[in-house]
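Trainee: Mind folding the following:
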Amino acid sequence: MYQNKTMKDSKLISVLQLLSLLLMLTSRFGLGSAARKPIDLRYKDRTQPMSVRLRSLISQMTLKEKIGQMAQIDRRQVTAEVMRDYSIGSIISAAGSTPNDVSIPFDIPPYEVRHSTPEDWVNMVNEYQRGSLSSRLGIPMIYGIDSVHGHNSLYKATIFPHNVGLGATRDPHLLKRIGAATAIETRATGIPFVFAPCIAVCRDPRWGRCYESYSEDHKIVEQMTDIVLGLQGEIPSNSSKGVPFMGGKDKVVACAKHYVGDGGTKNGVNENNTIIDWKGLMSIHMPAYTQSIIKGVSTVMVSYSSWNGVKMHANKELVTHFLKDTLKFRGFVISDWQGVDKISYPMESHYAISLTKGINAGIDMVMVPPNHTEFLRIVTSLVKKNLIPMSRIDDAVKRILRVKFSMGLFENPLGDYSLIDQIGTQAHRDLAREAVRKSLVLLKNGKDPKKPLLPLPKKTSKILVAGSHANNLGLQCGGWTMTWQGLNSNSLTIGTTILNAISATVDPSTEIVYSENPSINSLRTKEFSYAIVVVGEPPYAESAGDNLNLTIPEPGLTTMRNVCSRIKCVVVLISGRPLVVEPYLPMMEAFVAAWLPGSEGQGVADVLFGDYGFTGKLPRTWFKRVDQLPMNFGDKHYDPLFPFGFGLTTKPNGGN
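Mentor: Residues are numbered from 1 along each chain as shown. Got it, this is the predicted structure:
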């Protein structure tokens with residue numbers, strides 16, 4: 001009997017030891033009691049109220065899972081296993097990063113573009129998503145991409161004019177239609193989240209991102225936020241202010257960026273300091289955010305820039321107190337690419353301090369390329385040390401999950417092939433062509449106003465087409481097209497160059513001579529009826545586009561001088577902003593600002609040859625000299641070459 005008792009005690013001790021070991025292991029791997037309890041699945045029930053779903057899910061999440069939801073990582077560091085094991089909330093496909101790209105940093109030239117099919121995109125996104133769905137709670141990730149003028153990372157997608165051109169249209173309904181087309185082409189590749197629109201108010205064209213701004217006038221930028229309604233869908237009439245919304249499987253989650261004041265930095269230097277008082281910030285840079293929130297925008301991205309010396313990524317007053325508390329924004333706030341890292345100088349030098357400042361300021365989701373494990377480890381430590389309150393973590397996760405619930409991601413987490421036939425459709429290309437037509441601004445038409453050159457006749461003996469930008473799709477599309485910085489190439493995507501458009505428009509009997517950069521000696525004055533000279537800027541993005549000179553780059557100036565000094569010419573300028581043209585204007589017979597028109601160059605020919613009239617108006621002031629900058633309408637010393645809102649008009653005549 002004593003022996004039996006001893007044996008029973010020994011077995012009991014063994015069982016207790018085994019249980020102790022299991023508890024230690026589960027605690028060590030972050031599972032704890034959450035792994036032993038049956039999962040409350042009410043969060044997966046779409047019939048439950050949002051508040052019930054949020055409470056159900058958040059109450060069951062471990063700290064590790066919550067912090068994982070706050071991370072957005074680059075697809076080049078992603079595997080399905082990473083998504084499963086860390087409960088990562090989001091993936092970003094940085095500009096130029098595609099399913100078949102080479103494993104080189106996207107910001108270091110030379111680029112090698114390997115075109116991926118829509119099916120490649122869907123399969124890649126779904127592979128990562130299946131990893132997320134296989135995690136303990138099965139929380140789907142949200143995949144994001146920079147669809148800033150169409151699905152610009154996708155080969156054969158429709159590439160729309162950049163925002164500066166769209167601002168010249170003064171047409172919010174057009175913007176809504178462009179948003180809808182961009183949404184469906186992006187969603188066709190399995191991607192439900194776009195980092196658009198940029199609603200910066202560019203106050204200095206020396207800024208390298210000025211073409212991402214609709215206008216120097218906040219009222220125009222406010223109107224253009226109708227693109228949010230196209231991207232996400234029309235917000236329900238009974239929706240509360242600030243509540244995120246997405247209206248179906250052919251829509252995407254939008255992102256208003258870059259909060260706030262990025263277009264007002266000193267000397268137009270990217271990521272620099274915006275020096276302005278509270279009244280100025282509220283009256284110029286904030287109104288478009290108010291409108292975007294009213295229209296249901298789901299996410300807001302914070303700017304790299306500072307406001308009066310305070311980094312926006314660390315500005316609790318503006319991110320939490322104003323955006324969230326005053327404007328009642330209930331979606332989630334996301335950082336820019338390594339934006340939190342840049343809170344400290346030099347970048348990443350005090351990452352823990354930067355994370356503390358950024359998350360406490362109100363950033364809910366952090367872009368964390370390239371090391372998500374470091375992010376998870378440091379934030380966990382900061383929470384355990386009470387340097388980041390648990391309430392801040394819970395608020396961030398609640399906002400992220402609210403967006404995911406609102407967009408139906410739990411019910412429809414996987415992409416399919418059903419929308420692929422919507423990519424680059426004729427209807428979308430016709431829409432882009434319409435946008436190009438409406439974006440063109442006619443600044444001069446005839447040395448003698450009584451003898452206008454435009455519209456050009458379609459039927460004549462011989463015309464000259466010249467210039468580096470006349471037959472180059474990459475230069476026509478600009479930055480953020482297939483790669484971050486864009487490409488000087490005709491093979492980056494599918495579209496119509498301006499030369500091809502001219503060829504398709506003129507009468508078959510009209511002879512076209514194309515010479516990219518003709519010498520003055522090769523030009524005989526009486527040989528050509530007229531010349532079309534298409535010159536402009538190279539592609540660029542962000543800081544690479546900062547420019548203190550704003551001159552037309554060579555060989556554009558030489559081409560313009562050679563041709564226009566000998567032949568009656570119209571100059572078509574392809575640029576992301578006004579450039580110095582005053583010294584050269586007298587030699588031009590006509591001058592057209594075409595901005596960055598995108599893939600549908602036929603829209604340029606439509607207006608040059610009179611099938612449609614010029615209607616575009618300057619979205620920003622055209623300066624005489626760079627030493628006048630910054631100069632915006634309403635300034636005391638306003639002395640422009642062409643004022644804000646200027647634009648000559650013509651009537652259609654069919655090229656006769």
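Trainee: quick one: low-confidence ranges for the stretch 201-350 of the chain?
Mentor: In the prediction, the stretch 201-350 of the chain carries no residues with pLDDT under 70.
Trainee: first vs last residue of stretch 57-76, how far apart are they?
Mentor: End-to-end distance for stretch 57-76: 29 Å, by C-alpha to C-alpha, to the nearest Å.
Trainee: could you show me where the strands are in the stretch 51-200 of the chain, in order?
Mentor: Secondary structure of the stretch 51-200 of the chain by DSSP state E, counting those that start in this stretch: the strands cover 71-74, 90-93, 142-145, 193-194.
Trainee: Format the ones you listed as JSON lines; extra columns: distance to residue 378.
Mentor: Backbone N, C-alpha and C define where each C-beta goes, glycine included. Written out in JSON lines, the entries for the strands of the stretch 51-200 of the chain read as follows (distance: least, C-beta to C-beta, whole Å):
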{"stretch": "strand 71-74", "distance to residue 378": "11"}
{"stretch": "strand 90-93", "distance to residue 378": "18"}
{"stretch": "strand 142-145", "distance to residue 378": "23"}
{"stretch": "strand 193-194", "distance to residue 378": "25"}
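Trainee: TSV for the ones you listed, including mean pLDDT and mean neighbour count?
Mentor: Shown next, in TSV, are the strands of the stretch 51-200 of the chain (pLDDT from 0 to 100; neighbours: other C-beta atoms under 10 Å):
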stretch	mean pLDDT	mean neighbour count
strand 71-74	97	23
strand 90-93	97	24
strand 142-145	98	26
strand 193-194	98	26
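Trainee: just so I know, which of those strands lies nearest residue 352?
Mentor: strand 71-74 (15.5 Å; C-beta to C-beta).
Trainee: CA atoms only: put that closest one into CSV for me.
Mentor: Output of strand 71-74 as CSV, limited to C-alpha atoms (Å, rounded to 0.1, in the frame of the first residue of the first chain):
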residue,chain,number,x,y,z
ALA,A,71,3.8,46.5,-38.9
GLN,A,72,3.9,47.0,-42.6
ILE,A,73,6.8,45.2,-44.3
ASP,A,74,8.2,45.3,-47.8
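Trainee: So which residues make contact with it?
Mentor: The contact list for strand 71-74 (C-beta atoms under 8 Å, 6 or more residues apart in numbering) reads 82, 86, 88-94, 97, 144, 334, 365-370, 372, 375-376.
Trainee: What strands flank the helix or strand hosting residue 463, and is each parallel or antiparallel?
Mentor: Using DSSP states H and E, residue 463 falls within strand 462-466. Sheet pairing here is set by DSSP bridges, and for strand 462-466 it gives strand 511-515 (parallel), strand 530-536 (parallel).
Trainee: In the first one, which residues are buried?
Mentor: Going back to what we said before, that points to strand 511-515. Buried residues in strand 511-515, defined by neighbour count with 16 or more other C-beta atoms under 10 Å: 514, 515.
Trainee: What's the mean pLDDT across that strand?
Mentor: Strand 511-515 carries an average pLDDT of 97.
Trainee: Same check on the longest one?
Mentor: Here strand 530-536 scores 98 as its mean pLDDT.
Trainee: can you give me the offset of that strand from its chain's centre?
Mentor: With C-alpha atoms, centre = their mean, to the nearest Å as the basis, strand 530-536 stands 30 Å off its chain's centre.
Trainee: So what touches that strand?
Mentor: Counting by C-beta under 8 Å, 6+ apart, 453, 456, 460, 463-470, 475, 498-499, 502, 552-553, 556-557, 559-560, 563-564, 567-575, 579, 589, 594, 608 sit against strand 530-536.
Trainee: Sort out for me which of the residues you listed are in strands.
Mentor: Using DSSP state E, the subset of the contacts of strand 530-536 located in strands is 463, 464, 465, 466, 569, 570, 571, 572, 573, 574, 594.
Trainee: Let's have those in a markdown table, adding pLDDT.
Mentor: Listed next are the ones in strands among the contacts of strand 530-536 as a markdown table, based on pLDDT from 0 to 100:
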| residue | pLDDT |
| --- | --- |
| 463 | 97 |
| 464 | 98 |
| 465 | 98 |
| 466 | 98 |
| 569 | 98 |
| 570 | 98 |
| 571 | 98 |
| 572 | 99 |
| 573 | 99 |
| 574 | 99 |
| 594 | 99 |
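Trainee: Make TSV from those residues and add neighbour count and distance to residue 136 to it.
Mentor: Shown next, in TSV, are the ones in strands among the contacts of strand 530-536 (neighbours: other C-beta atoms under 10 Å; distance: C-beta to C-beta, whole Å):
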residue	neighbour count	distance to residue 136
463	21	68
464	22	68
465	22	63
466	26	64
569	23	68
570	22	65
571	31	63
572	24	58
573	24	57
574	28	52
594	28	54
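Trainee: measure residue 399 to residue 317 for me?
Mentor: Residue 399 is 19 Å from residue 317, where distance means C-beta to C-beta, to the nearest Å.
Trainee: actually residue 424, not the one I wrote
Mentor: Residue 424 is 45 Å from residue 317, where distance means C-beta to C-beta.
Trainee: quick one: which of the two has more around it?
Mentor: Looking at residue 424 and residue 317 with other C-beta atoms under 10 Å, you find the greater number of neighbours at residue 424, namely 24 against 13.
Trainee: got a pLDDT number for the more buried one?
Mentor: Reported pLDDT for residue 424: 98.
Trainee: ok, and it, which helix or strand is that part of?
Mentor: Going by DSSP H and E, residue 424 is not part of any helix or strand.
Trainee: That one reaches residue 431, doesn't it?
Mentor: No. With contact defined as C-beta atoms under 8 Å, residue 424 does not count as touching residue 431 (11.4 Å).
Trainee: which residues do the two both contact?
Mentor: Listed as contacting both residue 424 and residue 431 by C-beta under 8 Å, 6+ apart are residue 158.
Trainee: Would you mind giving the strands paired with strand 462-466 as CSV with distance to residue 646 added?
Mentor: Shown next, in CSV, are the strands paired with strand 462-466 (distance: least, C-beta to C-beta, whole Å):
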stretch, distance to residue 646
strand 511-515, 31
strand 530-536, 19
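Trainee: between those, which gets nearest to residue 52?
Mentor: strand 530-536 (55.6 Å).
Trainee: residue contacts, the residue most central in space within the chain?
Mentor: Central residue of the chain (C-alpha atoms, centre = their mean): residue 148, 3.5 Å from the mean position. Going by C-beta under 8 Å, 6+ apart, residue 148 touches 162, 163, 194, 195, 196, 197, 198, 212, 480.
Trainee: Quick check: of these, which lies closest to residue 514?
Mentor: Nearest to residue 514 among these is residue 162, at 25.4 Å by C-beta to C-beta.
Trainee: how close does the closest residue to residue 145 other than its chain neighbours get to residue 48?
Mentor: Take residue 145 and drop its neighbours on the chain: the residue closest to it by C-beta to C-beta, 6 or more residues apart in numbering is residue 93, 4.6 Å away. According to C-beta to C-beta, residue 93 stands 32 Å off from residue 48.
Trainee: same question, residue 377
Mentor: Distance from residue 377 to residue 48, by C-beta to C-beta: 34 Å.
Trainee: Kindly report the same for residue 346.
Mentor: Counting by C-beta to C-beta, the gap between residue 346 and residue 48 amounts to 48 Å.
Trainee: so which of the strands of the stretch 51-200 of the chain comes closest to residue 167?
Mentor: Among those, strand 193-194 sits nearest to residue 167 (C-beta to C-beta), with 19.1 Å.
Trainee: who touches residue 389 in this structure?
Mentor: Residue 389 is in contact with 360, 383, counting by C-beta under 8 Å, 6+ apart.
Trainee: Got phi/psi on it?
Mentor: Residue 389 adopts backbone torsions of phi -60, psi 150, taken as degrees, to the nearest 10.
Trainee: What score does it have for pLDDT?
Mentor: pLDDT at residue 389 comes out at 98.
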